[in-house]
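J.: Structure for the following, please:
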Amino acid sequence: MTVQRPKHAPLTQFDVVDDALVVGGMPLERLAARVGSTPFYAYDRARLSERVAYLREHLPPEIHLHYAMKANPMPAVVQHMATLVDGIDVASGGELQVALDTVMPPEHISFAGPGKSDADLRCAIAAGIVLNVEGFGELERAAVIGRELGLVPKVAVRVNPDFELKSSGMKMGGGPKQFGVDAERVPEMLGRIGQLGLAFQGFHIFSGSQNLKAEALQDAHDKTFALARRLAKDAPGPVLTLNIGGGLGIPYFPGEQRLDLAAVGAHLREILPEARRDLPQAEIVMELGRYLVAEAGIYVCRVVERKESRGQVFLVTDGGLHHHLSASGNFGQVIRKNYPVVIGNRVAGGEREMASVVGPLCTPLDLLADQMELGKASEGDLVVVFQSGAYGLTASPGGFLSHPAAREVLV
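T.: Residues are numbered from 1 along each chain as shown. This is a model prediction of the structure:
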C-alpha cells in the first residue's frame, strides 16, 4: 500500500512563467542577475501591500494594524510597511532608530521587550513614543529619565495574562514569563503609574504566536478583552490603546492548513461593541509581524555541486542555516519539518527526483530540505525557500563559519 505524504499548502503568491518563478515582476534568473550574487533574500512589495489589504478586508475597520518589525527589520521593508499600516512596534533601540526614519509619527510607534537599557529608554522618551513597560524596575527608571529630560513618558503596561493562546507555535503569556507584568500585579503597577504622574496609554496583551486555528484565536480575544476590562478599573486614566497582540499564523509545513481569517474577523465584529462600551476611548491594535511579511519573501541560493551518497541525492548550495536558521529546523522546531522549497528555475520540472538541499557548512544541521521531491537540478540552478519574509536573515547566525553574508532586496 502506498503511503500518501502530506503536502504543503498551495503557494500561489508568486507567478510561474516558463517553469521559472517570477518575483517583483522579474523571472528568477533575471532577479539573481540584478542582485549580483547568491544567496539573497527577495521581498515582493506588491505581496506586502496585498496582505495589508487582505487584512483590511476581513477585519473590522476599528482594528488598527501595527507592524512588529522584529519579523523583518530591513529598512526598505519597514519604510514600505510604514506607508500601509497604522503603527510600528519595535523591540530594540536599533529597531527604534529605523522606525523613526520612516513616515510613521512617533506617537504611533511603541517599544516592547524585556531588558531595555537606560539608553533605550532615554531615546524612546525623547522621541515621544509609547513604552510598553515590562516590569517595575523599568517603570521607575523611565520615570527618573523622564524627569531628567523634562518630559512625561508615555507608558502602557505589557501584561503577562493568566491564560495562554492554545495551539500557538510559541507561547508568550500564561505561567511564569520574562515578558510583561503578571496580570495579578498589574493593579499595583497602575497605582504606581498614577503616583509617578506618567502618561498612561493602555495595555499590551499578547499570549502567543503562529496560530492557524481560528477558534483558538477567538478564545484568546474573548479572554484578552475581558482581562482588559477588568484591569481598566484600576487604571489611573482612560485606556487609550489596547494592543491585543497578533498570533495569526501562516502555513509552513506539510499538512498545515491556512488560517480562516474571515472567521477571526467575524468574531471580532461580534465582541467589539462591548469593548467600545467599556473602553470608549481605546484604539484596538492588532500587532502583526510574520503574518504581514513572511509569505512575501523568498530565500534564494545556487547549487554549487550535485552529488550522490549511497543512493541519496544531495544538492550542495552556497546558502544554508547561517542565513536561514528557521528553514534548517533549528529555530524553534522540536521535530524538523521541511519548509516549502522548489528549484526556482525548474518549478514543475519535466524530470522530478527526491533530493536533499544542504549548505556549505561543516555540520549536518545545515539542511534546507530533507528528501523532498524537486525538479531535477544541476550545478548553477537556483533553490528557493518560500515563506522566508519573516525571521530570516536577522534571526540567523550570520557569522557562523565566516561565509559571506546574504543580500536583501525589496522588489
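J.: Quick check: the spatially closest residue to residue 294 that is not a sequence neighbour vs residue 85, distance?
T.: Setting aside the residues directly before and after it, residue 294 is nearest to residue 390 in space (Cβ to Cβ, 6 or more residues apart in numbering), at 3.8 Å. For every residue, glycine as well, the C-beta is placed using N, CA and C. Residue 390 sits 15 Å away from residue 85, going by Cβ to Cβ, to the nearest Å.
J.: follow-up on the earlier one: surely the residue nearest to residue 294 touches residue 299?
T.: No - at 11.4 Å, residue 390 does not count as touching residue 299 under the criterion of Cβ atoms under 8 Å.
J.: Of those two, give the one with the bigger neighbour count.
T.: Counted by other Cβ atoms under 10 Å, residue 390 and residue 299 do not tie: residue 299 has more neighbours, with 29 against 24.
J.: Convert the strand ranked longest in the chain to PDB, retaining C-alpha atoms only.
T.: Assignment by DSSP state E gives strand 297-309 as the longest strand of the chain. Listed next in PDB are the C-alpha coordinates belonging to strand 297-309 (Å, rounded to 0.1, in the frame of the first residue of the first chain):
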ATOM      1  CA  GLY A 297       9.700  36.800   0.900                       C
ATOM      2  CA  ILE A 298      11.900  34.100  -0.600                       C
ATOM      3  CA  TYR A 299      15.400  32.900   0.100                       C
ATOM      4  CA  VAL A 300      17.500  32.000  -3.000                       C
ATOM      5  CA  CYS A 301      20.700  30.100  -3.200                       C
ATOM      6  CA  ARG A 302      22.600  28.400  -6.000                       C
ATOM      7  CA  VAL A 303      23.500  24.800  -6.500                       C
ATOM      8  CA  VAL A 304      27.300  24.500  -6.300                       C
ATOM      9  CA  GLU A 305      27.600  20.800  -6.600                       C
ATOM     10  CA  ARG A 306      25.300  17.800  -7.200                       C
ATOM     11  CA  LYS A 307      26.400  14.700  -5.500                       C
ATOM     12  CA  GLU A 308      25.200  11.200  -4.600                       C
ATOM     13  CA  SER A 309      25.900   9.300  -1.500                       C
END
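J.: The residue nearest to residue 237 when sequence neighbours are not counted is in what secondary structure piece?
T.: Excluding its sequence neighbours, the residue lying closest to residue 237 (Cβ to Cβ, 6+ apart) is residue 200, at 4.7 Å. Assessed by DSSP states H and E, residue 200 sits inside strand 199-205.
J.: Identify the residues contacting that strand?
T.: 110, 112, 130, 132, 152-159, 161, 173, 180, 186, 190, 193-194, 224, 227-228, 231-232, 235-237, 239-245, 282, 287 (Cβ atoms under 8 Å, 6 or more residues apart in numbering).
J.: just stretch 126-135 next, same as before
T.: With contact meaning Cβ under 8 Å, 6+ apart, stretch 126-135 is reached by 89, 96, 100, 106-107, 109-114, 116, 121, 124-125, 138-139, 142, 149, 151, 153-158, 179-181, 189, 201, 204, 241, 243.
J.: List only buried entries from these.
T.: 89, 96, 100, 106, 109-113, 116, 121, 124-125, 138-139, 142, 153-158, 179-181, 189, 201, 204, 241, 243 (16 or more other Cβ atoms under 10 Å).
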